[in-house]
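J.: return atomic coordinates for the entry below.
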Amino acid sequence: PLVFQSYKTLMCLLTSFTTLTPLYRSLSGNVGFYFTPWGIVSGLFWVPAGVAAIYAVKNAGLAISQGVWSSIIVLVSFVWGIFVFEEKVRSKVVASFVVLTMCVGLWGMSFYSTPNADDRSGNGDDNGNDNDNGNGNGN
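T.: Take a look at the predicted model:
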C-alpha cells in the first residue's frame, strides 16, 4: 500500500502542474505560483493517511471507515483553525461543544455499526439462530 500511495501522490503532483499552470495563469493575470514547505509536509501526511485508509477499509469496512476518517478530518481542521491559526468564531466554547457532539456521534456510529462476534462467525441464519443442531459442525 505504501508504494501505491506514493505513486498516487506523485501522479497528483504531476497532473496538478499540467492542469493548474495554464488555468492559474489565465485567471490570475499571468502571476505565477510557488512551492512552500507546507505543501511538502502535506504530501508527507497524505501518503500514510492513504495507507491507513486501506487498512481501515480492510478491518472495519468502507462505511465505517469513511465516516470515521471524514469526521477526523473535520476535527483536525477545527483544532488547527481555531486553536493554532486563531480564526475568529462567535464562541469557542459553543464551537468546541459542537465538535464534542460530533465526536460522540462518531463513536456511536462506529460502535453500533460494527457487527458483533456472532454475526461475523457465519454460523447463523438471518434470524440469529445458529444452525449446528448441537453437534458443532453445522449439520
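
J.: how near is residue 95 to residue 101?
T.: Residue 95 sits 11 Å away from residue 101, going by C-beta to C-beta, to the nearest Å. All C-beta spots, glycine's among them, are computed from the backbone N, C-alpha and C.

J.: which of the two has more neighbours?
T.: Per other C-beta atoms under 10 Å, whichever of residue 95 and residue 101 has more neighbours is residue 95, with 15 against 10.

J.: does the more buried one sit in a helix, a strand or a coil?
T.: With DSSP: H, G, I helix; E, B strand; the rest coil as the basis, residue 95 sits in helix.

J.: ok, longest helix in the protein?
T.: Longest helix in the chain, counting residues (DSSP state H): helix 2-28.

J.: what's that one packed up against?
T.: The contact analysis (3 or more C-beta pairs under 8 Å, 6 or more residues apart in numbering; DSSP states H and E) places helix 2-28 against helix 37-60.

J.: which element follows the helix it packs on toward the C-terminus?
T.: Toward the C-terminus, helix 37-60 is succeeded by helix 62-79 as the next helix or strand (DSSP states H and E).
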